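Asker: coords below, sequence missing:
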């Protein structure tokens, strides 16, 4: 089996700050995803990467950047944190883009003061 | 407009009872439905998937799919307190050269009372 590790587990930021969330997977999966989970809004796709060196925008990409540094890692940057923002960011991976069995990390909980 | 509607938003069933959860897509570009389960404070985990009309059973869990109405339902018989979780439906939308996309519903929060 494999594991997806997200760091940090909790992130507290200031309004306007640039914040980076990291994700590592050892499944050797090709495809990686970043989702945002807000209460009452389900999971919304921010960015995904089909393979190493690929980057695709999801439905919620505005205000975020992403980087697939290597096959095992995928980072997400909040370019300017919004005041009172609170959400959980979930990283996931799958064998390939055509296989939607996603394996999720435990999430990074973001709070912006 | 939400492409995925799940109902009910929340559901309470007694231990040993049957829980029935629904999911409908408003977009016909769907060819596959996934169900994920998320226990409180944990990450979502894949529960079942279905792409053919009819039903699929795995233990106490049964999924139905009606492709004509783009409706899927998840039924849990002999519900246990450990089944208490948020159940997320995620249809796969096919957009030709744009590729496939999973879109998650808001979920149904199931609570099984001992």
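Answerer: Looks like it arrived, so ask away. Remember, predicted model here, so these are calculated numbers, not experimental data.
Asker: Tell me which helix or strand residue B:91 sits in.
Answerer: strand B:85-94 (DSSP states H and E).
Asker: what packs against that strand?
Answerer: strand B:4-7, strand B:19-25, strand B:30-38, strand B:71-76, strand B:100-102, strand B:108-113 (3 or more CB pairs under 8 Å, 6 or more residues apart in numbering or on different chains; DSSP states H and E). Backbone N, C-alpha and C define where each C-beta goes, glycine included.
Asker: quick one: average confidence on the shortest one?
Answerer: Strand B:100-102 shows an average pLDDT of 79 in the prediction.
Asker: go on, the last one?
Answerer: Per-region confidence: strand B:108-113 scores 97 on mean pLDDT.
Asker: same question, the third one
Answerer: Model confidence over strand B:30-38, given as mean pLDDT, is 93.
Asker: Pull up the pairing partners for it, direction included.
Answerer: strand B:45-50 (antiparallel), strand B:85-94 (antiparallel) (DSSP bridges).
Asker: Please identify the buried residues of the last one?
Answerer: Read it as strand B:85-94. For strand B:85-94, burial by neighbour count (16 or more other CB atoms under 10 Å in any protein chain shown) applies to B:85-93.
Asker: Same question for stretch B:36-46.
Answerer: Of all the residues in stretch B:36-46, those buried under the rule 16+ other CB under 10 Å are B:36-38, B:43-44, B:46.
Asker: Can you tell me which of those is closest to chain A?
Answerer: residue B:43 (3.8 Å; CB to the nearest CB).
Asker: How about that closest one: what's its closest non-neighbour residue?
Answerer: residue A:104 (3.8 Å; CB to CB, 6 or more residues apart in numbering or on different chains).
Asker: ok, what's across the strand from the one you found?
Answerer: Under the criterion used (DSSP bridges), residue A:104 bridges to residue A:92.
Asker: okay, which residue is most central for chain A?
Answerer: Geometric centre of chain A, nearest residue: residue A:34, 2.9 Å, by CA atoms, centre = their mean.
Asker: separation between that residue and chain B?
Answerer: Look at residue A:34 and chain B: by CB to the nearest CB, to the nearest Å, they are 13 Å apart.
Asker: Surely that residue touches residue A:66?
Answerer: Yes. Counting by CB atoms under 8 Å, residue A:66 is a contact partner of residue A:34 at 6.3 Å.
Asker: which residues do those two both contact?
Answerer: A:46-47, A:74, A:76 (CB atoms under 8 Å, 6 or more residues apart in numbering or on different chains).
Asker: how about CSV for these, with secondary structure, pLDDT and neighbour count added?
Answerer: Shown next, in CSV, are these (DSSP: H, G, I helix; E, B strand; the rest coil; pLDDT from 0 to 100; neighbours: other CB atoms under 10 Å in any protein chain shown):
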residue, secondary structure, pLDDT, neighbour count
A:46, strand, 95, 23
A:47, strand, 96, 23
A:74, strand, 98, 29
A:76, strand, 98, 22
